[in-house]
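Chemist: Could you look at this predicted model? Sequence included:
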Amino acid sequence: MATNINGMLNRANQYSYLFNNANMQRQNSIASLWRNYGNFQNNAASNLGALNEVRQNAAAVVDSYNEAKDTFYTEFDSNMSALKKSASDVKNLKIDVGENPITKNPVLDKDGNEVKDKYGATMTENTYSKGMQSALDSIKSLVDNYNDSLSFLKNNSAVSDRVGRLAANFGDTTYRSSLYEQIGISVGNDGTLSINEDRLANSIAENPDKVSRILGKDGLAGKAEQHVDTANGQRNNLFPSAKAMLGKQLDQAEIYTGKSMINMTNISNVGNLVNMMF
């Protein structure tokens with residue numbers, strides 16, 4: 001019996017990060033559910049009052065599970081929606097930077113004097129034409145939203161195997177990394193993207209068609225849209241049911257509880273109570 005209770009406690013702790021880490025009361029209710037179930041098991045004949053505490057803690061687990069599930073899907077939908085939009089914007093981007101898209105200006109100190117580097121040369125910073133700035137902003141938005149989506153999936157990869165596989169798919173950006181590098185976008189070992197703005201701006205100014213090919217419908221934006229479509233297609237199956245998360249222990253609980261409560265007619269076992277509440 002002790003092994004069974006310990007298994008349930010470990011299972012509850014394994015998923016505790018899903019149940020709103022900021023809410024310690026609910027955290028304690030998850031652990032208390034199993035502890036009180038154990039006490040109830042050991043004292044079923046003389047301490048049936050423990051059942052009420054089991055009911056209360058089971059309800060807290062249900063509330064925490066629902067809150068965790070709602071939070072997950074709210075963040076998932078927000079990330080996928082933002083990435084879908086930014087990918088569409090870049091895919092349909094018409095680059096028109098006009099004349100003199102990049103202007104180099106001297107960097108000035110607070111007194112208006114030119115700032116020199118260690119070699120004595122005047123340091124400069126770029127300003128961009130309206131068309132160039134618009135193109136840069138669209139590409140930066142795509143990269144930022146891609147990284148946010150990848151981070152979200154990685155941080156939640158333990159939620160289910162499906163989420164883990166999506167995280168792996170989003171993280172596989174190496175297949176065109178050499179092309180991205182040519183225009184100023186680097187791929188990290190973790191799959192995240194980073195922009196060298198000066199290089200990207202120069203690439204846009206020198207060869208906007210090349211940038212469109214690398215980032216457009218057959219490039220990064222198109223791949224991002226495919227990832228989003230795949231993720232959205234699996235959306236309803238990403239977060240596991242409560243039964244799937246704790247089912248094995250609940251099934252075991254039914255066996256023990258059924259034996260200890262054989263003479264009770266109002267409820268057959270605690271395992272079924274918790275399952276009904278889920």
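Modeler: Structure received.
Chemist: only C-alpha atoms for contact and neighbour calcs from this point on.
Modeler: OK.
Chemist: Pull the contacting residues for Glu197.
Modeler: Neighbour list for Glu197: 136, 184 [criterion: Cα atoms under 8 Å, 6 or more residues apart in numbering].
Chemist: Can you tell me how far it is from Asn145?
Modeler: Distance, Glu197 to Asn145, using Cα to Cα, to the nearest Å: 17 Å.
Chemist: Ok, Thr74 next?
Modeler: 15 Å.
Chemist: Compare neighbour counts for these two and give me the winner.
Modeler: It is Asn145, of Thr74 and Asn145, that has more neighbours when counted by other Cα atoms under 10 Å, with 22 against 11.
Chemist: Please identify which helix or strand holds the more buried one.
Modeler: Using DSSP states H and E, the element containing Asn145 is helix 130-155.
Chemist: and Asp172, how many neighbours?
Modeler: Close neighbours of Asp172, defined as other Cα under 10 Å, add up to 15.
Chemist: Let me see the contact set for the residue nearest to Leu108 when sequence neighbours are not counted.
Modeler: Of all residues not flanking Leu108 in the chain, Glu114 sits nearest, at 4.5 Å (Cα to Cα, 6 or more residues apart in numbering). Applying Cα under 8 Å, 6+ apart to Glu114 gives the contacts 106-108, 122-123.
Chemist: Between all of these, which two are separated the most?
Modeler: Farthest pair in the contacts of Glu114 (Cα to Cα) is Leu108 and Thr122. Separation: 9.3 Å.
Chemist: between those two, what contacts are shared?
Modeler: 114-115.
Chemist: For Lys118, the count of nearby residues, please.
Modeler: Count around Lys118 with other Cα under 10 Å applied: 8.
Chemist: Revised request: answer the last question for Tyr146.
Modeler: 29.
Chemist: Roughly how far does it sit from Asn169?
Modeler: Taking Cα to Cα, one finds Tyr146 at 12 Å from Asn169.
Chemist: Before I go, just wanted to say thanks for your time.
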